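Student: here are the coordinates; sequence isn't available:
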């Protein structure tokens, strides 16, 4: 029989058990992410990181404008009308005259930025990671941070700090994930982007560490996205949904909503559920050490198509120009790549612009027929031209063991062109494209890309130049609404 002292000791131990469990959870990577987000200050951002981010922010702004020309845009506008969107609202739907509650503005802007699959992309450094699982960090972090910052009348620095939290967390989480998640069909931008959006929104709201942990727990319940949707409107939906989910998660946590506070590392958390595990060392002690945007870097796309097509597109462009190639000259084109690349570029006979973005066959053909592959080359009409369709049927996209041997941290592409006169032209073996950290775009290059996107959207040149100047000086902007006003169109 227990004496009184033993009984009281037992009660004390039982009462302490939940606290001990909570403390144990707080030692995991979820808690480390929350502490990083809460403790980070503007002065902790390196000057070169701040300047680099302006290039990525300008990139997203241009894509928000051009994305309003995509076929998703009128559907999103009609949807917003059913959820409180219109001429009033807390946040701007970029490139339009619409406003909406912050969560819905984040959704609409995320869809627009990703609509052309032209937004920045994280690539891997670890050889067992599939291209960093190909997450697009700005498309989720930026809309969430911007909508929340605009609604609260925050400064350019407040917005940029929140944006950096989102990009850093999303990149580190994606890099840590077991490749099985991507290989099995998950779309990383939807699956992991919601965590980046959540911490970006939470930073603007000023949540404490417990609030951020709860917000991340809510985000875990929203994390989703499937690669089978590549080549359809639902791919950009998944990015927009992640941005919206981050705002919603932060808002709920700010109101006292509870969730699992160890959602990343838990036995039934996102890493184990989606991928069967993760590399803890890719996150633990690594947040901001170094910042992912700086090292290993995030690619800015030179073409509005899946990143895995880009090294081959650069090389095909070179070959076409060097040899003055025409479609009638070509008997066959062979493009060798790794198995993971074939597992992602799944549209072999595209009939729509969205499908063509994930078709190696199409991008090779259009570079020959048109000599370029910009926004205008990824419309349904452009894709279905008889000359392009005829040539893409002569393109073979196949698995080359030499590409597999190069490792999944490279996008190795091997091109062979067989001409009708019997000659064969072999391209250089390429692993990276322009815009990658290995071959980076300059700020002037990005300005040109922004101008092209703005022009495609029909924005006047003078207005485009005003936006460029505003983004270049964003860290000195007192109220982020001065930028969103420039980005709004009646």
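Tutor: Nice, thanks for sending it over. Every value quoted in this text rests on a predicted model; they were computed, and no experiment measured them.
Student: Which segments of this protein make up each domain?
Tutor: Under automatic domain parsing, the residue ranges defining each domain of the chain are 20-46+102-299, 307-426.
Student: hey, which of those is tucked in deepest?
Tutor: For the domains of the chain, the largest average neighbour count (mean count of other Cβ atoms under 10 Å) is found in domain 20-46+102-299, namely a mean of 23. From N, CA and C alone the C-beta is placed, and that goes for glycine too.
Student: can you map out the helices along the stretch 301-450 of the chain?
Tutor: Secondary structure of the stretch 301-450 of the chain (DSSP state H, counting those that start in this stretch): helices at 310-323, 339-344, 353-356, 360-370, 380-383, 386-392, 401-406, 443-456.
Student: So what's the residue count around residue 73?
Tutor: When neighbours are defined as other Cβ atoms under 10 Å, residue 73 has 18 of them.
Student: and it, what helix or strand is that in?
Tutor: Here residue 73 sits within helix 72-81, counting by DSSP states H and E.
Student: ok, back up a step: would you mind telling me which of the helices of the stretch 301-450 of the chain is nearest residue 467?
Tutor: Judged by Cβ to Cβ, the one of these that comes nearest to residue 467 is helix 443-456, at 7.4 Å.
Student: Looking at the closest residue to residue 427 other than its chain neighbours now. What's its pLDDT?
Tutor: The spatial neighbour of residue 427 that comes closest, neighbours along the chain excluded (Cβ to Cβ, 6 or more residues apart in numbering), is residue 415 at 3.5 Å. The predicted local confidence for residue 415 comes out at a pLDDT of 98.
Student: longest strand in the chain, by residue count?
Tutor: strand 330-337 (DSSP state E).
Student: what angle sits between that one and helix 310-323?
Tutor: Orientation of strand 330-337 against helix 310-323 (axes from the mean of the first three to the mean of the last three Cα atoms, to 10 degrees) gives an angle of 150 degrees.
Student: rewinding a little: so the residue nearest to residue 427 sits against residue 424, correct?
Tutor: No: at 10.9 Å, residue 415 does not count as touching residue 424 under the criterion of Cβ atoms under 8 Å.
Student: ok, and for the helix holding residue 73, which residues are buried?
Tutor: For helix 72-81, a neighbour-count test (16 or more other Cβ atoms under 10 Å) marks 72, 73, 76, 77, 79, 80 as buried.
Student: who does that helix touch, helix- and strand-wise?
Tutor: helix 102-114, helix 234-254 (3 or more Cβ pairs under 8 Å, 6 or more residues apart in numbering; DSSP states H and E).
Student: Could you check which helix or strand contains the closest residue to residue 294 other than its chain neighbours?
Tutor: The shortest distance from residue 294 to any residue other than its chain neighbours is 5.5 Å, reached at residue 49 (Cβ to Cβ, 6+ apart). Assigned by DSSP H and E, residue 49 belongs to helix 47-66.
Student: how much space between residue 139 and residue 170?
Tutor: 10 Å (Cβ to Cβ, to the nearest Å).
Student: Find residues that contact each of these two.
Tutor: With contacts defined as Cβ atoms under 8 Å, 6 or more residues apart in numbering, the residues adjacent to both residue 139 and residue 170 are residue 193.
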